[in-house]
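Q: coords please:
(one chain, ligands or ions: 3)
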Amino acid sequence: MSITCPKCDSSIMIHGPVRKAHCNACQNNIEIPVKYWKENLYDALGWIVEDMKEGEIYNLVQFGLFNTKWSVIELTPRCNDCNKRLDIKKVDRDKESKTKCTNCGKETNVVPAPSWLKKVLPTADYFVNVQMHDELKDNEPAISGGIALNCPQCSGSLIIDGKDRLVPCKYCGVNVYLPDDLWLRLHPVEVKTRWYLVYDKEEVEKINFDANWEE
Ligand SMILES: [Zn+2]
Ligand SMILES: [Zn+2]
Ligand SMILES: [Zn+2]
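A: Residues are numbered from 1 along each chain as shown. Ligands and ions are numbered 1, 2, ... in the order given. A predicted model of the protein is given here:
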């Protein structure tokens, strides 16, 4: 899933039911309301119970508060690395835990549906392979310890901490704008991930989706 940043129109990857997202392009934090998740997840569950088969994918763009680009698939949770089905029966559903892939050993997180979501979507049970950024790190670089670079004007050494793209040279005073390749190394482009909402099927089948859409 990705949404379009309402401030600069760049794509922001969404890796779980988050209430805040950070735009790496314009550096703004975006608030995502409960209503957004309620509407989108009801839509997804509606399509799934109406006519989707295991493995079938809907690719769509939805316009609304955010323009959302997402793929909806009915699928038993699988390991993201080797595609083996995950054994999620054994995990503790009341608190965040990890499940280990029996094939490759990779750990995948299992997170109970947050209480704000349970209020509007009681059939949501838990999420698998999500990244929930509750505390958003502002522009935190992917590399720690700093990088050395020479000032293009005076060759003095610049220490780059990755937080700011414009670095002043303490020897000659020029402001050095970091090149694209270095900036991308410090702030890698995020890629899409597949994450899962595990729901109570019997309860979902009882929902009157038409009534929900009319609300
Ligand atoms: Zn933006
Ligand atoms: Zn695996
Ligand atoms: Zn300089």
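Q: from now on I want contacts and neighbour counts done on CA atoms only, so please keep to that.
A: Noted.
Q: what sits against the residue lying closest to residue 81 once chain neighbours are set aside?
A: Leaving aside its sequence neighbours, residue 81 sits nearest to residue 106 (CA to CA, 6 or more residues apart in numbering; 7.4 Å). Residues counted as contacts of residue 106 (CA atoms under 8 Å, 6 or more residues apart in numbering) are 79, 81, 100.
Q: and the residues you listed, which is closest to residue 187?
A: residue 81 (22.8 Å; CA to CA).
Q: just give me the neighbour total for the closest one.
A: Residue 81 has 13 neighbouring residues, counting by other CA atoms under 10 Å.
Q: near ligand 1, which residues of this structure?
A: Along the chain, the residues adjacent to ligand 1 under the rule CA under 5 Å from the ion are 5, 8, 23, 26.
Q: got a quick ChimeraX command for the buried subset of those?
A: ChimeraX command restricting the residues of the chain next to ligand 1 to the buried ones, with burial defined by 16 or more other CA atoms under 10 Å:
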select :5,23
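Q: any chance of JSON lines for the residues of the chain next to ligand 1, columns secondary structure?
A: Shown next, in JSON lines, are those (DSSP: H, G, I helix; E, B strand; the rest coil):
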{"residue": "5", "secondary structure": "coil"}
{"residue": "8", "secondary structure": "coil"}
{"residue": "23", "secondary structure": "coil"}
{"residue": "26", "secondary structure": "coil"}
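Q: helix/strand/coil for residue 181?
A: helix.
Q: which one's the longest helix in the protein?
A: helix 34-51 (DSSP state H).
Q: what packs against whatever helix or strand comes next after that helix?
A: The helix or strand immediately downstream of helix 34-51 is strand 57-62, counting by DSSP states H and E. If contacts are counted by 3 or more CA pairs under 8 Å, 6 or more residues apart in numbering; DSSP states H and E, strand 57-62 sits against strand 68-73.
Q: okay, now the sheet partners of the strand it packs on, with direction.
A: The pairing partners recorded for strand 68-73 under DSSP bridges are strand 2-4 (antiparallel), strand 57-62 (antiparallel).
Q: quick one, the last one and helix 34-51 angle?
A: Put plainly, it is strand 57-62. 140 degrees (axes from the mean of the first three to the mean of the last three CA atoms, to 10 degrees).
Q: any idea of the mean pLDDT for stretch 70-82?
A: Stretch 70-82 shows a mean pLDDT of 93.
Q: is it anywhere near ligand 2?
A: Yes. Counting by CA under 5 Å from the ion, ligand 2 is contacted by stretch 70-82 at 79, 82.
Q: what average pLDDT does stretch 191-199 get?
A: Stretch 191-199 comes out at a mean pLDDT of 91.
Q: and it, end to end?
A: 25 Å (CA to CA, to the nearest Å).
Q: buried ones in it?
A: Buried, per 16+ other CA under 10 Å, within stretch 191-199: 193-199.
Q: other residues contacting that stretch?
A: 1-2, 13-16, 77, 80, 123-130.
Q: among those residues, which are located in helices?
A: Per DSSP H, the subset of the contacts of stretch 191-199 in helices is empty.
Q: next step: the residues you listed restricted to strands.
A: The members of the contacts of stretch 191-199 that map onto strands under DSSP state E are 2, 13, 124-128.
Q: tell me, what residue is most central in this structure?
A: residue 15 (2.0 Å; CA atoms, centre = their mean).
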